[in-house]
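In: coords below, sequence missing:
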């Protein structure tokens, strides 16, 4: 299964720059040659007040309040480094709900 980097593109996240973040992630992933990772838009994770939100799947890492300056750390994690703990601020019950949806193939 291909790894996914899902970037919320709902109104609140978009207003906070998620579209620009997604485009920059796509560019950097291609530049690094990470062929096993696909950057995709996602309609909404339900944590609008915490956005922009990014979920890495299937590893189930959720990053909230992402800014362009966080992308180096996120890409480091994607490339095998440690999770970015300071961006892991979402309630565990919401995470579990979204992860269950993703496990069913709802992308």
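Out: Received, thanks. The model shown is predicted, which means the values in this text are computed figures rather than measured ones. Residues are numbered from 1 along each chain as shown.
In: residue 9: what's it in contact with?
Out: 18-19, 22, 41-43 (Cβ atoms under 8 Å, 6 or more residues apart in numbering). (Each C-beta comes from the backbone N, C-alpha and C, glycine too.)
In: and residue 102, by the same measure?
Out: 6, 55, 57-58, 60.
In: mind running it again at 10 Å?
Out: Contact partners of residue 102, counting by Cβ atoms under 10 Å, 6 or more residues apart in numbering, are 4, 6, 42, 45, 55, 57-58, 60.
In: related to what we said a few turns ago, need the contacts of residue 9 in a markdown table (columns: pLDDT and secondary structure).
Out: Listed next are those as a markdown table, based on pLDDT from 0 to 100; DSSP: H, G, I helix; E, B strand; the rest coil:
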| residue | pLDDT | secondary structure |
| --- | --- | --- |
| 18 | 98 | helix |
| 19 | 97 | helix |
| 22 | 98 | helix |
| 41 | 97 | strand |
| 42 | 97 | strand |
| 43 | 95 | coil |
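In: output these as TSV; include the columns neighbour count and distance to residue 87.
Out: Putting the contacts of residue 9 into TSV (neighbours: other Cβ atoms under 10 Å; distance: Cβ to Cβ, whole Å) gives the following:
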residue	neighbour count	distance to residue 87
18	23	14
19	15	18
22	24	16
41	15	19
42	23	16
43	10	21
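In: just the contacts of residue 102: which are in strands?
Out: Counting by DSSP state E, the contacts of residue 102 place 4, 6, 42, 55, 57 in strands.
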